[in-house]
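Chemist: here are the coordinates; sequence isn't available:
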């Protein structure tokens, strides 16, 4: 800010100061986004080595090499040294081919069957900075990379999940292009299908977010006052629109706002399972205590009004964990002693690989391994895979499948 100019025109009001800072920061963020993703660029995901591709598909590497030669239209790229590298599209084609010609007792496409219910997983915490969006993004990608049909739903007005998936909320998401468009109370309401977007990963779609989502928080109190007899209450609106696309997906991952408002309550009511992210620090745990007490009170009200608040499972995920930090280990032990098996066995480690990838709006599954120290990257990826694999096992258990 030019102090001379400010002095000559008089002091700025608080509103003017905030507006000026917002404008300046917005301009810089847009410039950064354009430098990382120019208008002609599209987000993509890296190619996978044969060992990685084989693991994702669920076959041995030697069989992958053999079957790859038999699939018509498969054009696998090679490195300068002649090594095969598989794109995510290649992996999807191979998986679908194997599902047609493979053994009847193998599920190369792990889509849910007609008797298996759509799994809706709400990722939430009352406090920002708990790794909620990082968890949501990596979980959605992990599941899609393994062949599930996944819908990522960004309910956070800050829309960090959307940005990670290449949808800059200020530039790429227009009016009525968030889930608000599907759950709003007026004549502008539109089908959820119309706001769902494809991503650069086959089988992974997203409903982006932006500040427009705050309109639901403002509209709902007025709608409650004008509600007609028999009309669905606010908490059922999200569940109802998800029902309309149920046949297209196996799993829905909802990134909730870091506050307990109407959107979060809607996500809780729609959910078949809940994942609470916890940073193992005393202030964060104290905040979570308040969050849980408020959730319990509000869910009682929702239940009394006819809402379904039964979950297949609820788990706590330890995030940003530093194994060498004594106080953090004590806090994790404290949480396990209270919540028992409701705490996931695997924590999400704090690592520079995740934070460095985030600078360019990327995830661990997107970024090239060579951009990091190999041991740092491998350690971060192993931690992320262990967490997501444990969650996948819970989803399979809810379906009645072997983990």
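Modeler: Structure received. Remember, predicted model here, so these are calculated numbers, not experimental data.

Chemist: which SS class is residue 315?
Modeler: Per DSSP: H, G, I helix; E, B strand; the rest coil, the secondary structure class of residue 315 is strand.

Chemist: List the residues that contact it.
Modeler: If you count contacts by C-beta atoms under 8 Å, 6 or more residues apart in numbering, residue 315 has them with 273-276, 342-344, 391, 394. (C-beta placed from N, C-alpha, C; glycine too.)

Chemist: Only whichever of those residues are buried, select them in ChimeraX.
Modeler: Command for ChimeraX that selects the buried part of these, burial taken from 16 or more other C-beta atoms under 10 Å:
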select :273,274,275,276,343,344,391,394
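
Chemist: Taking the contacts of residue 315 together, which two end up most distant?
Modeler: Longest distance between any two of these is 14.8 Å, between 273 and 343; criterion C-beta to C-beta.

Chemist: Can you tell me which helix or strand of this protein has the lowest average pLDDT?
Modeler: Of all regular secondary-structure elements in the chain, judged by mean pLDDT, DSSP states H and E, the least confident is helix 3-9 with a mean of 47.

Chemist: rewinding a little: any idea which of the contacts of residue 315 is the one closest to residue 400?
Modeler: Distance to residue 400 across those (C-beta to C-beta) is lowest for residue 394, with 12.3 Å.

Chemist: Give me the local confidence score for the residue nearest to the closest one when sequence neighbours are not counted.
Modeler: On the basis of C-beta to C-beta, 6 or more residues apart in numbering, the spatially nearest residue to residue 394 that is not a chain neighbour turns out to be residue 313, at 5.4 Å. Residue 313 is assigned a pLDDT of 92 by the prediction.

Chemist: swap in residue 67?
Modeler: The per-residue pLDDT reported for residue 67 equals 88.

Chemist: Wait, it touches residue 96, no?
Modeler: No - using C-beta atoms under 8 Å as the test, residue 67 is too far from residue 96 to be in contact (11.9 Å).

Chemist: Which of those two has more residues huddled nearby?
Modeler: Relative neighbour count places residue 67 above the other of residue 67 and residue 96, with 17 against 14, counting by other C-beta atoms under 10 Å.

Chemist: In the stretch 51-200 of the chain, mark out all the helices, start to finish.
Modeler: Taking DSSP state H, counting those that start in this stretch to define them, one finds helices in the stretch 51-200 of the chain at 61-68, 88-101, 132-145, 160-164, 180-183.

Chemist: Which one, of those helices, ends up nearest to residue 386?
Modeler: Judged by C-beta to C-beta, the one of these that comes nearest to residue 386 is helix 132-145, at 10.7 Å.

Chemist: Now do that closest one: which elements does it pack against?
Modeler: Packing contacts for helix 132-145, counted by 3 or more C-beta pairs under 8 Å, 6 or more residues apart in numbering; DSSP states H and E, involve strand 119-124, strand 150-154, helix 160-164, strand 204-207, strand 251-255, strand 273-278, helix 374-399.

Chemist: ok, residues contacting the third one?
Modeler: In this case it means helix 160-164. By C-beta under 8 Å, 6+ apart, the surrounding residues in contact with helix 160-164 are 133, 136-137, 152, 154, 168-169, 172-173, 206, 208-210, 255, 358, 361-363.

Chemist: can the helices of the stretch 51-200 of the chain go into a markdown table with extra columns for distance to residue 326?
Modeler: Putting the helices of the stretch 51-200 of the chain into a markdown table (distance: least, C-beta to C-beta, whole Å) gives the following:
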| stretch | distance to residue 326 |
| --- | --- |
| helix 61-68 | 41 |
| helix 88-101 | 41 |
| helix 132-145 | 24 |
| helix 160-164 | 31 |
| helix 180-183 | 45 |
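
Chemist: Of those helices, which is nearest residue 226?
Modeler: Across those, residue 226 has its closest neighbour in helix 180-183 (16.0 Å, C-beta to C-beta).

Chemist: Can you give the distance of that closest one from its chain's centre?
Modeler: 19 Å (C-alpha atoms, centre = their mean, to the nearest Å).

Chemist: elements contacting it?
Modeler: helix 214-225, helix 237-243.

Chemist: can you give me the mean pLDDT across the longest one?
Modeler: Averaging pLDDT along helix 214-225 yields 92.

Chemist: Flag every buried residue along it.
Modeler: Buried residues in helix 214-225, counted by 16+ other C-beta under 10 Å: 215-217, 219-220, 223.

Chemist: Quick one: end-to-end length of stretch 77-92, please.
Modeler: Criterion C-alpha to C-alpha, to the nearest Å; first-to-last residue distance in stretch 77-92 is 15 Å.

Chemist: Dump the helices and strands packed on helix 132-145 to JSON lines, plus distance to residue 186.
Modeler: Supplementary listing: those in JSON lines, determined by distance: least, C-beta to C-beta, whole Å:
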{"stretch": "strand 119-124", "distance to residue 186": "26"}
{"stretch": "strand 150-154", "distance to residue 186": "21"}
{"stretch": "helix 160-164", "distance to residue 186": "24"}
{"stretch": "strand 204-207", "distance to residue 186": "19"}
{"stretch": "strand 251-255", "distance to residue 186": "23"}
{"stretch": "strand 273-278", "distance to residue 186": "30"}
{"stretch": "helix 374-399", "distance to residue 186": "36"}
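
Chemist: Which among the helices and strands packed on helix 180-183 is found nearest to residue 148?
Modeler: Residue 148 lies closest, by C-beta to C-beta, to one member of these: helix 237-243, at 16.0 Å.

Chemist: That closest one - contacts with which helices or strands?
Modeler: By 3+ C-beta pairs under 8 Å, 6+ apart, helix 237-243 packs against helix 180-183, helix 262-270.
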